[in-house]
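Peer 1: how would this look folded up:
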Amino acid sequence: MWLSGRSTPDFRTINDFRSRRLQNQIQDLFAEVVRLMHRLEYVSLQTQYVDGTKIESAANRYTFVWRGAVEKNKQKLETKIKSVLSDIKQAIKEDRKAPAEQLPGKVDAHRLREELQQLNERVAELGKKEQKQVKKLAEEHLPRLEKYEQQLEKLGERNSYSKTDEEATFMRMKEDHMKNGQLKPAYNIQISTEGQLITNFSLYQRPGDTSTLLPHLQQFQAHYQTQSPVVVADAGYGSEQNYAWLEEHQVAAYVKYNYFHSEQKRRFKRDIFHAQHLYYNQQQDFFVCPMGQRLEKVGEHKRTSELGYISTISRYQARRCQGCPLRGQCFKGRGNRVIEVNHRLQRLKARARERLLSEEGVRHRRPRPIEPEAVFGQVKSNNRFTRFRLRTLAKAEVDFGLAAMAHNLRKLASKGVKAFEEALERAAAGLLRPHEQSGGAADGLLAHLFAFFNPRAAVFQLAA
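Peer 2: Okay, the predicted model is just below:
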(Lines give C-alpha, C1' and ligand atoms only; values in the text may rest on other atoms or scores of the structure.)
Protein backbone atom coordinates (compact mmCIF):
# COMPACT_ATOMS: atom_id res chain seq x y z
CA MET A 1 0.00 0.00 0.00
CA TRP A 2 3.07 2.28 0.21
CA LEU A 3 3.14 2.89 -3.54
CA SER A 4 -0.62 3.62 -3.66
CA GLY A 5 -0.46 6.23 -0.91
CA ARG A 6 -2.35 4.00 1.54
CA SER A 7 -5.46 3.97 -0.67
CA THR A 8 -7.34 0.65 -0.47
CA PRO A 9 -9.65 -0.86 -3.09
CA ASP A 10 -13.32 -1.32 -2.32
CA PHE A 11 -14.45 -4.83 -1.39
CA ARG A 12 -16.62 -4.95 -4.52
CA THR A 13 -13.53 -4.31 -6.64
CA ILE A 14 -11.70 -7.20 -4.97
CA ASN A 15 -14.67 -9.57 -5.33
CA ASP A 16 -15.23 -8.61 -8.96
CA PHE A 17 -11.56 -9.20 -9.75
CA ARG A 18 -11.56 -12.54 -7.93
CA SER A 19 -14.82 -13.95 -9.23
CA ARG A 20 -14.75 -12.65 -12.82
CA ARG A 21 -11.36 -11.55 -14.07
CA LEU A 22 -9.36 -14.43 -12.61
CA GLN A 23 -11.58 -17.12 -14.12
CA ASN A 24 -9.66 -19.15 -16.72
CA GLN A 25 -6.51 -17.24 -15.70
CA ILE A 26 -5.73 -18.59 -12.24
CA GLN A 27 -3.98 -21.74 -13.45
CA ASP A 28 -1.66 -19.76 -15.76
CA LEU A 29 -0.89 -17.27 -13.00
CA PHE A 30 -0.20 -20.05 -10.51
CA ALA A 31 2.07 -21.83 -13.03
CA GLU A 32 4.05 -18.58 -13.49
CA VAL A 33 4.65 -18.43 -9.73
CA VAL A 34 5.89 -22.04 -9.78
CA ARG A 35 8.13 -21.35 -12.78
CA LEU A 36 9.53 -18.40 -10.84
CA MET A 37 10.26 -20.66 -7.86
CA HIS A 38 11.94 -23.09 -10.28
CA ARG A 39 14.15 -20.31 -11.67
CA LEU A 40 15.06 -19.33 -8.12
CA GLU A 41 15.89 -23.03 -7.42
CA TYR A 42 13.29 -23.49 -4.70
CA VAL A 43 11.71 -26.41 -6.58
CA SER A 44 13.20 -28.78 -9.16
CA LEU A 45 9.91 -30.14 -10.62
CA GLN A 46 11.59 -33.56 -10.61
CA THR A 47 9.36 -35.12 -7.92
CA GLN A 48 5.65 -34.86 -7.22
CA TYR A 49 4.14 -35.86 -3.89
CA VAL A 50 0.45 -36.18 -4.74
CA ASP A 51 -2.47 -36.23 -2.33
CA GLY A 52 -6.04 -35.00 -2.12
CA THR A 53 -8.54 -33.56 0.30
CA LYS A 54 -12.17 -32.49 0.23
CA ILE A 55 -13.20 -28.90 0.93
CA GLU A 56 -16.82 -27.98 1.50
CA SER A 57 -18.63 -25.89 -1.08
CA ALA A 58 -20.35 -22.59 -0.31
CA ALA A 59 -23.67 -24.31 -1.12
CA ASN A 60 -26.46 -25.02 1.31
CA ARG A 61 -25.87 -28.40 2.98
CA TYR A 62 -29.52 -29.48 2.81
CA THR A 63 -30.50 -28.63 -0.79
CA PHE A 64 -29.52 -31.97 -2.29
CA VAL A 65 -30.57 -33.91 -5.37
CA TRP A 66 -29.86 -37.68 -5.43
CA ARG A 67 -29.66 -39.73 -8.60
CA GLY A 68 -31.47 -42.69 -7.03
CA ALA A 69 -34.46 -40.58 -6.01
CA VAL A 70 -34.66 -38.84 -9.39
CA GLU A 71 -34.53 -42.10 -11.37
CA LYS A 72 -37.11 -43.72 -9.09
CA ASN A 73 -39.56 -40.81 -9.33
CA LYS A 74 -39.00 -40.51 -13.07
CA GLN A 75 -39.79 -44.18 -13.59
CA LYS A 76 -42.99 -43.88 -11.55
CA LEU A 77 -44.04 -40.82 -13.54
CA GLU A 78 -43.34 -42.54 -16.88
CA THR A 79 -45.49 -45.51 -15.81
CA LYS A 80 -48.31 -43.17 -14.84
CA ILE A 81 -48.05 -41.23 -18.12
CA LYS A 82 -48.19 -44.46 -20.13
CA SER A 83 -51.27 -45.55 -18.19
CA VAL A 84 -53.06 -42.23 -18.85
CA LEU A 85 -52.15 -42.27 -22.54
CA SER A 86 -53.39 -45.85 -22.77
CA ASP A 87 -56.75 -44.89 -21.23
CA ILE A 88 -57.15 -41.92 -23.59
CA LYS A 89 -56.34 -43.95 -26.69
CA GLN A 90 -58.62 -46.75 -25.57
CA ALA A 91 -61.48 -44.24 -25.28
CA ILE A 92 -60.73 -42.93 -28.78
CA LYS A 93 -60.75 -46.50 -30.10
CA GLU A 94 -64.16 -47.22 -28.56
CA ASP A 95 -65.68 -44.00 -29.90
CA ARG A 96 -64.34 -44.43 -33.42
CA LYS A 97 -64.51 -48.23 -33.40
CA ALA A 98 -60.99 -48.24 -34.81
CA PRO A 99 -57.91 -50.23 -33.80
CA ALA A 100 -56.01 -48.79 -30.84
CA GLU A 101 -52.97 -46.68 -31.66
CA GLN A 102 -49.49 -47.89 -30.70
CA LEU A 103 -48.19 -46.51 -27.40
CA PRO A 104 -44.65 -45.07 -27.30
CA GLY A 105 -42.06 -47.55 -26.03
CA LYS A 106 -40.13 -44.94 -24.08
CA VAL A 107 -41.71 -41.77 -22.75
CA ASP A 108 -39.55 -38.66 -22.55
CA ALA A 109 -40.49 -34.97 -22.53
CA HIS A 110 -40.05 -34.60 -26.29
CA ARG A 111 -42.22 -37.64 -27.08
CA LEU A 112 -44.88 -36.61 -24.56
CA ARG A 113 -45.01 -33.13 -26.09
CA GLU A 114 -45.63 -34.68 -29.52
CA GLU A 115 -48.37 -36.92 -28.13
CA LEU A 116 -50.07 -33.94 -26.46
CA GLN A 117 -49.91 -31.96 -29.67
CA GLN A 118 -51.64 -34.79 -31.56
CA LEU A 119 -54.30 -35.12 -28.85
CA ASN A 120 -54.96 -31.35 -28.84
CA GLU A 121 -55.56 -31.48 -32.59
CA ARG A 122 -58.25 -34.14 -31.96
CA VAL A 123 -59.71 -32.57 -28.83
CA ALA A 124 -63.22 -32.63 -30.35
CA GLU A 125 -63.11 -36.44 -30.33
CA LEU A 126 -62.34 -36.56 -26.60
CA GLY A 127 -64.83 -36.65 -23.77
CA LYS A 128 -64.67 -34.43 -20.69
CA LYS A 129 -62.75 -37.03 -18.70
CA GLU A 130 -60.14 -37.44 -21.41
CA GLN A 131 -59.82 -33.66 -21.84
CA LYS A 132 -59.10 -33.32 -18.12
CA GLN A 133 -56.48 -36.04 -18.39
CA VAL A 134 -54.81 -34.28 -21.35
CA LYS A 135 -54.81 -31.00 -19.42
CA LYS A 136 -53.24 -32.70 -16.40
CA LEU A 137 -50.57 -34.28 -18.60
CA ALA A 138 -49.68 -30.86 -20.03
CA GLU A 139 -49.79 -28.84 -16.79
CA GLU A 140 -48.43 -31.31 -14.23
CA HIS A 141 -46.79 -34.39 -15.71
CA LEU A 142 -44.86 -32.74 -18.56
CA PRO A 143 -43.15 -30.10 -16.34
CA ARG A 144 -42.22 -32.79 -13.79
CA LEU A 145 -40.80 -35.03 -16.51
CA GLU A 146 -38.77 -32.11 -17.91
CA LYS A 147 -37.49 -31.34 -14.41
CA TYR A 148 -36.31 -34.93 -13.87
CA GLU A 149 -34.57 -34.98 -17.25
CA GLN A 150 -32.81 -31.69 -16.49
CA GLN A 151 -31.68 -33.03 -13.12
CA LEU A 152 -30.26 -36.18 -14.70
CA GLU A 153 -28.45 -34.04 -17.26
CA LYS A 154 -26.93 -31.93 -14.48
CA LEU A 155 -25.91 -35.04 -12.57
CA GLY A 156 -23.97 -36.45 -15.53
CA GLU A 157 -21.87 -39.29 -14.07
CA ARG A 158 -22.35 -38.08 -10.50
CA ASN A 159 -24.77 -39.46 -7.92
CA SER A 160 -25.70 -36.13 -6.33
CA TYR A 161 -25.47 -32.34 -6.54
CA SER A 162 -26.59 -29.30 -4.58
CA LYS A 163 -29.40 -27.05 -5.77
CA THR A 164 -27.49 -23.93 -4.65
CA ASP A 165 -24.23 -25.05 -6.30
CA GLU A 166 -25.10 -27.49 -9.04
CA GLU A 167 -21.44 -28.34 -9.74
CA ALA A 168 -20.74 -29.46 -6.16
CA THR A 169 -21.07 -33.16 -5.32
CA PHE A 170 -22.06 -34.54 -1.92
CA MET A 171 -19.04 -36.23 -0.33
CA ARG A 172 -18.12 -37.73 3.01
CA MET A 173 -15.94 -35.28 4.90
CA LYS A 174 -13.35 -35.84 7.62
CA GLU A 175 -14.76 -32.83 9.46
CA ASP A 176 -17.87 -34.62 10.75
CA HIS A 177 -19.02 -32.47 13.66
CA MET A 178 -22.33 -34.31 14.01
CA LYS A 179 -20.56 -37.72 14.13
CA ASN A 180 -23.21 -39.25 11.87
CA GLY A 181 -21.37 -39.58 8.57
CA GLN A 182 -23.29 -36.68 7.04
CA LEU A 183 -22.53 -35.99 3.37
CA LYS A 184 -21.82 -32.37 2.42
CA PRO A 185 -21.49 -30.59 -0.94
CA ALA A 186 -17.79 -30.36 -1.67
CA TYR A 187 -15.00 -30.46 -4.25
CA ASN A 188 -12.10 -32.90 -4.34
CA ILE A 189 -8.78 -30.97 -4.31
CA GLN A 190 -5.63 -32.63 -5.65
CA ILE A 191 -2.20 -31.09 -5.13
CA SER A 192 1.41 -31.90 -5.99
CA THR A 193 4.07 -30.68 -3.59
CA GLU A 194 7.84 -30.49 -3.40
CA GLY A 195 9.53 -29.20 -0.28
CA GLN A 196 6.02 -28.41 1.03
CA LEU A 197 5.55 -25.95 -1.85
CA ILE A 198 2.51 -26.54 -4.08
CA THR A 199 3.60 -27.14 -7.69
CA ASN A 200 0.21 -28.16 -9.13
CA PHE A 201 -3.43 -28.20 -8.05
CA SER A 202 -6.69 -29.33 -9.62
CA LEU A 203 -10.35 -29.60 -8.58
CA TYR A 204 -12.71 -32.49 -9.33
CA GLN A 205 -16.33 -33.39 -8.76
CA ARG A 206 -15.51 -37.06 -8.14
CA PRO A 207 -15.15 -38.05 -4.48
CA GLY A 208 -12.57 -40.79 -5.18
CA ASP A 209 -8.86 -40.08 -5.74
CA THR A 210 -8.09 -42.98 -8.09
CA SER A 211 -9.63 -41.43 -11.20
CA THR A 212 -8.07 -37.99 -10.60
CA LEU A 213 -4.38 -38.92 -10.88
CA LEU A 214 -4.05 -39.04 -14.67
CA PRO A 215 -5.76 -35.69 -15.45
CA HIS A 216 -3.81 -34.13 -12.58
CA LEU A 217 -0.46 -35.30 -13.99
CA GLN A 218 -1.48 -34.31 -17.52
CA GLN A 219 -2.23 -30.80 -16.27
CA PHE A 220 1.25 -30.66 -14.70
CA GLN A 221 2.80 -31.57 -18.05
CA ALA A 222 0.70 -28.96 -19.87
CA HIS A 223 1.85 -26.24 -17.43
CA TYR A 224 5.59 -26.94 -17.52
CA GLN A 225 6.06 -28.88 -20.81
CA THR A 226 7.66 -31.70 -18.85
CA GLN A 227 6.61 -34.54 -16.59
CA SER A 228 8.23 -35.28 -13.25
CA PRO A 229 10.31 -38.45 -13.53
CA VAL A 230 9.19 -39.43 -10.00
CA VAL A 231 5.63 -39.53 -8.64
CA VAL A 232 4.86 -40.53 -5.05
CA ALA A 233 1.32 -41.18 -3.83
CA ASP A 234 -0.62 -43.26 -1.31
CA ALA A 235 -2.78 -46.34 -1.84
CA GLY A 236 -5.78 -44.31 -2.97
CA TYR A 237 -4.16 -43.91 -6.41
CA GLY A 238 -3.05 -47.50 -7.03
CA SER A 239 -5.02 -48.88 -9.99
CA GLU A 240 -4.29 -50.79 -13.19
CA GLN A 241 -5.00 -47.77 -15.37
CA ASN A 242 -2.74 -45.48 -13.34
CA TYR A 243 0.14 -47.98 -13.18
CA ALA A 244 -0.11 -48.65 -16.93
CA TRP A 245 -0.11 -44.94 -17.81
CA LEU A 246 2.86 -44.18 -15.54
CA GLU A 247 4.82 -47.10 -16.97
CA GLU A 248 3.99 -46.07 -20.54
CA HIS A 249 5.26 -42.52 -19.89
CA GLN A 250 8.41 -43.81 -18.15
CA VAL A 251 7.56 -42.30 -14.77
CA ALA A 252 9.05 -43.96 -11.70
CA ALA A 253 5.85 -44.45 -9.73
CA TYR A 254 6.21 -44.96 -5.98
CA VAL A 255 2.46 -45.43 -5.65
CA LYS A 256 1.03 -47.86 -3.13
CA TYR A 257 -1.98 -50.08 -3.71
CA ASN A 258 -4.66 -51.53 -1.46
CA TYR A 259 -3.32 -54.08 1.04
CA PHE A 260 0.31 -53.06 0.41
CA HIS A 261 0.97 -52.74 4.14
CA SER A 262 -1.06 -55.89 4.88
CA GLU A 263 1.22 -57.86 2.55
CA GLN A 264 4.23 -56.93 4.67
CA LYS A 265 2.78 -58.56 7.79
CA ARG A 266 3.80 -62.02 8.93
CA ARG A 267 0.22 -63.29 8.98
CA PHE A 268 -0.25 -62.55 5.26
CA LYS A 269 3.08 -64.05 4.27
CA ARG A 270 2.21 -67.30 6.07
CA ASP A 271 -1.23 -67.60 4.45
CA ILE A 272 -0.57 -70.34 1.87
CA PHE A 273 -4.24 -70.36 0.80
CA HIS A 274 -4.29 -66.77 -0.45
CA ALA A 275 -4.79 -66.60 -4.23
CA GLN A 276 -1.60 -64.52 -4.54
CA HIS A 277 0.45 -67.37 -2.98
CA LEU A 278 -0.91 -70.19 -5.15
CA TYR A 279 1.49 -71.66 -7.70
CA TYR A 280 0.69 -70.46 -11.23
CA ASN A 281 1.68 -72.31 -14.39
CA GLN A 282 1.92 -69.52 -16.95
CA GLN A 283 2.40 -71.79 -19.97
CA GLN A 284 -0.70 -73.91 -19.39
CA ASP A 285 -2.62 -71.19 -17.52
CA PHE A 286 -3.71 -72.92 -14.30
CA PHE A 287 -3.19 -72.52 -10.55
CA VAL A 288 -2.34 -75.25 -8.03
CA CYS A 289 -3.82 -75.27 -4.54
CA PRO A 290 -1.83 -76.40 -1.42
CA MET A 291 -3.30 -79.91 -1.79
CA GLY A 292 -1.97 -80.18 -5.36
CA GLN A 293 -5.31 -79.81 -7.15
CA ARG A 294 -5.50 -77.69 -10.28
CA LEU A 295 -7.70 -74.61 -10.62
CA GLU A 296 -8.46 -74.56 -14.35
CA LYS A 297 -9.52 -71.47 -16.27
CA VAL A 298 -13.28 -71.51 -16.85
CA GLY A 299 -13.73 -68.09 -18.47
CA GLU A 300 -13.02 -64.39 -18.36
CA HIS A 301 -14.98 -61.15 -18.36
CA LYS A 302 -14.40 -57.43 -18.84
CA ARG A 303 -14.65 -54.77 -16.16
CA THR A 304 -14.93 -51.06 -16.99
CA SER A 305 -13.60 -48.39 -14.64
CA GLU A 306 -15.07 -44.96 -13.91
CA LEU A 307 -12.91 -43.43 -16.66
CA GLY A 308 -13.82 -46.12 -19.19
CA TYR A 309 -10.68 -48.23 -18.78
CA ILE A 310 -11.36 -51.90 -19.57
CA SER A 311 -9.71 -54.64 -17.50
CA THR A 312 -9.71 -58.35 -18.26
CA ILE A 313 -10.53 -60.64 -15.32
CA SER A 314 -9.76 -64.37 -15.59
CA ARG A 315 -11.82 -66.89 -13.63
CA TYR A 316 -10.39 -70.19 -12.30
CA GLN A 317 -12.22 -73.05 -10.57
CA ALA A 318 -11.11 -76.20 -8.79
CA ARG A 319 -12.52 -79.53 -9.98
CA ARG A 320 -13.28 -81.25 -6.67
CA CYS A 321 -13.05 -79.65 -3.22
CA GLN A 322 -15.47 -82.06 -1.50
CA GLY A 323 -13.70 -84.14 1.12
CA CYS A 324 -10.52 -82.04 1.11
CA PRO A 325 -9.04 -81.99 4.65
CA LEU A 326 -7.88 -78.36 4.18
CA ARG A 327 -11.19 -77.05 2.87
CA GLY A 328 -12.10 -75.27 6.12
CA GLN A 329 -8.84 -73.32 6.00
CA CYS A 330 -8.88 -72.77 2.24
CA PHE A 331 -12.33 -71.17 1.76
CA LYS A 332 -15.80 -71.15 3.31
CA GLY A 333 -18.04 -70.95 0.26
CA ARG A 334 -20.21 -73.67 -1.21
CA GLY A 335 -19.13 -75.90 -4.05
CA ASN A 336 -15.64 -75.81 -5.51
CA ARG A 337 -13.29 -72.91 -4.92
CA VAL A 338 -13.32 -70.10 -7.51
CA ILE A 339 -10.77 -67.30 -7.80
CA GLU A 340 -10.68 -64.26 -10.09
CA VAL A 341 -7.32 -62.87 -11.21
CA ASN A 342 -6.33 -59.77 -13.17
CA HIS A 343 -2.97 -60.90 -14.54
CA ARG A 344 -1.90 -57.51 -15.88
CA LEU A 345 -2.68 -55.80 -12.59
CA GLN A 346 -0.73 -58.50 -10.73
CA ARG A 347 2.33 -57.85 -12.90
CA LEU A 348 2.05 -54.09 -12.43
CA LYS A 349 1.62 -54.48 -8.67
CA ALA A 350 4.67 -56.74 -8.51
CA ARG A 351 6.81 -54.05 -10.17
CA ALA A 352 5.28 -51.38 -7.90
CA ARG A 353 6.01 -53.54 -4.84
CA GLU A 354 9.62 -53.95 -5.94
CA ARG A 355 10.06 -50.18 -6.31
CA LEU A 356 8.33 -49.38 -3.01
CA LEU A 357 10.47 -51.83 -1.03
CA SER A 358 13.73 -50.72 -2.64
CA GLU A 359 16.10 -48.32 -0.92
CA GLU A 360 15.01 -45.51 -3.24
CA GLY A 361 11.37 -46.34 -2.57
CA VAL A 362 11.82 -46.13 1.19
CA ARG A 363 13.59 -42.79 0.74
CA HIS A 364 10.59 -41.40 -1.17
CA ARG A 365 7.94 -43.01 1.06
CA ARG A 366 9.39 -41.54 4.23
CA PRO A 367 8.66 -37.85 3.46
CA ARG A 368 5.34 -38.50 1.69
CA PRO A 369 3.15 -38.17 4.82
CA ILE A 370 4.79 -34.85 5.77
CA GLU A 371 4.78 -33.34 2.28
CA PRO A 372 1.17 -32.79 1.10
CA GLU A 373 -0.36 -33.50 4.51
CA ALA A 374 1.57 -30.63 6.08
CA VAL A 375 0.41 -28.33 3.28
CA PHE A 376 -3.23 -29.31 3.83
CA GLY A 377 -2.78 -28.74 7.55
CA GLN A 378 -1.36 -25.28 6.93
CA VAL A 379 -4.06 -24.29 4.43
CA LYS A 380 -7.08 -25.80 6.19
CA SER A 381 -6.21 -25.52 9.87
CA ASN A 382 -3.79 -22.63 10.27
CA ASN A 383 -5.24 -20.50 7.46
CA ARG A 384 -8.82 -21.70 8.20
CA PHE A 385 -9.58 -22.47 4.57
CA THR A 386 -12.17 -25.15 5.31
CA ARG A 387 -14.95 -23.92 3.04
CA PHE A 388 -15.05 -22.20 -0.33
CA ARG A 389 -16.37 -18.66 -0.50
CA LEU A 390 -17.40 -18.83 -4.17
CA ARG A 391 -19.78 -21.21 -5.93
CA THR A 392 -19.31 -23.28 -9.12
CA LEU A 393 -16.21 -25.25 -10.05
CA ALA A 394 -14.49 -22.44 -11.97
CA LYS A 395 -14.85 -19.93 -9.13
CA ALA A 396 -13.85 -22.50 -6.51
CA GLU A 397 -10.68 -23.08 -8.56
CA VAL A 398 -9.93 -19.35 -8.32
CA ASP A 399 -10.57 -19.44 -4.57
CA PHE A 400 -8.15 -22.30 -3.96
CA GLY A 401 -5.61 -20.98 -6.48
CA LEU A 402 -5.25 -17.76 -4.54
CA ALA A 403 -4.87 -19.74 -1.32
CA ALA A 404 -2.20 -21.95 -2.97
CA MET A 405 -0.20 -18.96 -4.22
CA ALA A 406 -0.47 -17.30 -0.81
CA HIS A 407 0.80 -20.49 0.81
CA ASN A 408 3.81 -20.65 -1.54
CA LEU A 409 4.74 -17.01 -0.99
CA ARG A 410 4.32 -17.38 2.75
CA LYS A 411 6.48 -20.51 2.68
CA LEU A 412 9.18 -18.72 0.72
CA ALA A 413 9.10 -15.87 3.19
CA SER A 414 9.44 -18.31 6.08
CA LYS A 415 12.58 -19.74 4.47
CA GLY A 416 14.16 -16.35 4.98
CA VAL A 417 12.93 -12.95 3.77
CA LYS A 418 16.45 -11.67 3.32
CA ALA A 419 17.53 -14.68 1.26
CA PHE A 420 14.41 -14.36 -0.88
CA GLU A 421 15.10 -10.65 -1.50
CA GLU A 422 18.66 -11.40 -2.55
CA ALA A 423 17.50 -14.17 -4.89
CA LEU A 424 14.89 -11.87 -6.43
CA GLU A 425 17.48 -9.12 -6.89
CA ARG A 426 19.81 -11.55 -8.66
CA ALA A 427 17.01 -12.88 -10.89
CA ALA A 428 15.62 -9.40 -11.64
CA ALA A 429 18.98 -7.65 -12.05
CA GLY A 430 18.52 -7.09 -15.78
CA LEU A 431 14.75 -7.07 -15.74
CA LEU A 432 14.15 -3.62 -14.21
CA ARG A 433 16.58 -1.79 -16.50
CA PRO A 434 14.91 0.16 -19.33
CA HIS A 435 17.29 -1.01 -22.04
CA GLU A 436 16.54 -4.72 -21.50
CA GLN A 437 13.60 -6.50 -23.08
CA SER A 438 10.87 -8.13 -20.98
CA GLY A 439 10.77 -11.90 -21.04
CA GLY A 440 6.98 -12.23 -20.91
CA ALA A 441 4.35 -12.66 -18.24
CA ALA A 442 6.68 -14.50 -15.86
CA ASP A 443 9.17 -11.62 -15.97
CA GLY A 444 6.36 -9.18 -15.32
CA LEU A 445 5.30 -11.22 -12.31
CA LEU A 446 8.91 -11.32 -11.16
CA ALA A 447 9.09 -7.53 -11.34
CA HIS A 448 5.92 -7.19 -9.26
CA LEU A 449 7.23 -9.60 -6.62
CA PHE A 450 10.54 -7.73 -6.51
CA ALA A 451 8.66 -4.47 -6.02
CA PHE A 452 6.52 -6.07 -3.32
CA PHE A 453 9.48 -7.23 -1.23
CA ASN A 454 11.65 -4.17 -1.88
CA PRO A 455 9.52 -1.30 -3.28
CA ARG A 456 12.05 1.47 -2.71
CA ALA A 457 14.84 -0.34 -4.54
CA ALA A 458 12.47 -1.11 -7.40
CA VAL A 459 11.48 2.57 -7.75
CA PHE A 460 15.11 3.70 -7.73
CA GLN A 461 16.06 1.09 -10.38
CA LEU A 462 13.16 2.10 -12.60
CA ALA A 463 14.18 5.76 -12.30
CA ALA A 464 17.82 5.01 -13.12
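
Peer 1: so where's the stretch 301-450 of the chain shaky on pLDDT?
Peer 2: Low-confidence segments of the stretch 301-450 of the chain, defined by pLDDT under 70: 416-424, 426-450.

Peer 1: Strands along that one, start to end?
Peer 2: Ranges of strands within the stretch 301-450 of the chain are 310-318, 338-341, based on DSSP state E, counting those that start in this stretch.

Peer 1: How about the shortest one, which residues are buried there?
Peer 2: Of all the residues in strand 338-341, those buried under the rule 16 or more other CB atoms under 10 Å are Ile339, Val341. For the C-beta atoms, the positions are set from N, CA and C on the backbone; glycine is no exception.

Peer 1: Give me the residues contacting that strand.
Peer 2: Where contact means CB atoms under 8 Å, 6 or more residues apart in numbering, the residues beyond strand 338-341 that reach it are Ala275, Leu278, Phe287, Leu295, Val298, Ile313, Ser314, Arg315, Tyr316, Gln317, Ala318.

Peer 1: From Gln346, how far out is the last one?
Peer 2: Note on Ala318: its distance to Gln346, by CB to CB, to the nearest Å, is 19 Å.

Peer 1: which one of these two has more residues nearby?
Peer 2: Residue environment comparison for Ala318 versus Gln346 gives the larger neighbour count to Ala318, 21 against 13, counting by other CB atoms under 10 Å.

Peer 1: Could you work out the most separated pair of the contacts of strand 338-341?
Peer 2: The distance between the two most remote of those (CB to CB) is 17.6 Å, for Ile313 and Ala318.

Peer 1: unless I'm mixing things up, Lys380 is touching Thr386, no?
Peer 2: Yes. Lys380 sits in contact with Thr386 when judged by CB atoms under 8 Å, with a separation of 5.4 Å.

Peer 1: Show me the contact partners of stretch 349-359.
Peer 2: Counting by CB under 8 Å, 6+ apart, the neighbours of stretch 349-359 from elsewhere in the structure are 238, 243, 247, 252-257, 260, 263, 361-362, 365.

Peer 1: switch the cut-off to 10 Å
Peer 2: The set of residues that contact stretch 349-359 without belonging to it, under CB atoms under 10 Å, 6 or more residues apart in numbering, is 232, 238, 240, 242-243, 246-247, 252-260, 263-264, 276, 342, 361-362, 364-365.

Peer 1: from the residues you listed, which ones fall inside strands?
Peer 2: The members of the contacts of stretch 349-359 that map onto strands under DSSP state E are Val232, Ala252, Ala253, Tyr254, Val255.

Peer 1: Run a quick neighbour tally on the first one.
Peer 2: It refers to Val232. A count of nearby residues for Val232, using other CB under 10 Å, gives 26.

Peer 1: so where's the stretch 51-200 of the chain uncertain?
Peer 2: Counting by pLDDT under 70, the low-confidence segments of the stretch 51-200 of the chain come to 92-105, 123-125, 176-181.

Peer 1: That one: helices as residue ranges?
Peer 2: In the stretch 51-200 of the chain, the helices defined using DSSP state H, counting those that start in this stretch lie at 67-96, 109-121, 128-136, 142-155.

Peer 1: Tell me which of the ones you listed lies nearest to Asn15.
Peer 2: Taking CB to CB as the criterion, Asn15 comes closest to helix 142-155 out of these, the separation being 26.1 Å.
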